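Engineer: Got a sequence here, can you model it:
(chains A, B, C and D)
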Number of protein chains: 2
Amino acid sequence: MLTEDTLSIRQMCDAFEVTPRTLRFYESKELLFPIRQGTKRFFTRRDRARLKLILRGKRFGFSLEDIRQILDLYDEDGSNEAQALKTYELAQARLAQMEAQRAELDVAITELRNELKASEPMIAGFRRAAE
Amino acid sequence: MLTEDTLSIRQMCDAFEVTPRTLRFYESKELLFPIRQGTKRFFTRRDRARLKLILRGKRFGFSLEDIRQILDLYDEDGSNEAQALKTYELAQARLAQMEAQRAELDVAITELRNELKASEPMIAGFRRAAE
DNA sequence: AGAGCAGTTTACGTTAACGTCAGTGTAACG
DNA sequence: CGTTACACTGACGTTAACGTAAACTGCTCT
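Structural biologist: Next comes the predicted model:
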């Protein structure tokens, strides 16, 4: 109970600067698995580790669904071989996706950087379009 | 008239690789102003210039609303230095965002790559065992 | 006249990640 | 026992940028 290494929903919110709604939402999406005593939630250190990774993933712009799948990597439940292999392949696919995304971003950055360096073309471009 | 320098909606779609729905949507959002003859639309060279910028803006990650505002600025008063500056600053801010995003993406890629390296031996073991 | 396009309007559907009530419960404080 | 403080469960609302389906209208060719 109180002596356990768990946090109430409010403590959890304060610790990670998220709303209760967010934590409940993550639970509904099977990203977190707080202990349910009666109706209340108690978040374990495992939940905290997962939330930390969830928030980091979000900062990187990944969807919650992506994150949920990646989280299984960190879970390390090596009990099931087929599952491990599957998550490994998922991670590989995800990595390829990320690298593609980065490549696109690089192109866009380079382009925009050139526009800014030239400074005038883009502005002039908008002028022409509006005449 | 037919001799005018305009394109039908289909010609416009083919030229820019967008759908009719997209062009109608942009018109409803006041990003484009095709001539309406009866019920049909005819896109002028001005529409084409604007669409070109709209698509470029989208590649840079600007929202349609951002783009509309920028285009409108020059509609009302094409020769305002302050407005040009505002556009420039918007682009700069967006570039900074993209660069930050890229940096974070790099970190994520590296981390995920490490995870994959770490689990490779285990996976290899499973593969051998599965033969 | 009929078929067959191309184009049009209207309007509901989609996805993500929660926000925002509304109504109910529970536990502790005074 | 009443009030305050939190927590819980639905469930509808929100934003962006279109997709998609339904039901026309208008032309042209045969």
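Engineer: Stretch A:52-66 and chain B in contact?
Structural biologist: Yes - legend: contact between stretch A:52-66 and chain B by Cβ under 8 Å from any Cβ of the partner chain is shown at A:57, A:59-62. Heads up, the C-betas are built off the backbone N, CA and C, glycines and all.
Engineer: At which residues are the helices of chain A located?
Structural biologist: Along chain A, the stretches classed as helices by DSSP state H are A:9-16, A:20-28, A:45-59, A:64-75, A:81-118, A:120-130.
Engineer: could you list every residue that touches A:M12?
Structural biologist: Contact analysis of A:M12 by Cβ atoms under 8 Å, 6 or more residues apart in numbering or on different chains lists A:18, A:23, A:43, A:47-48, A:51.
Engineer: Next: A:T44.
Structural biologist: With contact set as Cβ under 8 Å, 6+ apart, A:T44 has these partners: A:5-6, A:34-35.
Engineer: at 10 Å what do you get?
Structural biologist: A:4-7, A:32-35, A:50 (Cβ atoms under 10 Å, 6 or more residues apart in numbering or on different chains).
Engineer: Could you measure from it over to A:L7?
Structural biologist: Taken as Cβ to Cβ, to the nearest Å, the spacing of A:T44 relative to A:L7 amounts to 8 Å.
Engineer: intersection of neighbour lists for these two?
Structural biologist: If you check A:T44 and A:L7 against Cβ under 10 Å, 6+ apart, the residues they both contact are A:P34.
Engineer: where does chain A come near DNA strand D, residue by residue?
Structural biologist: Residues of chain A lying near DNA strand D by Cβ under 7 Å from any atom of the strand: A:8-10, A:20-21, A:24, A:39-41.
Engineer: Please indicate which of these has the highest neighbour count?
Structural biologist: Sorting these by how many neighbours each has (other Cβ atoms under 10 Å in any protein chain shown) puts A:R41 first, at 21 neighbours.
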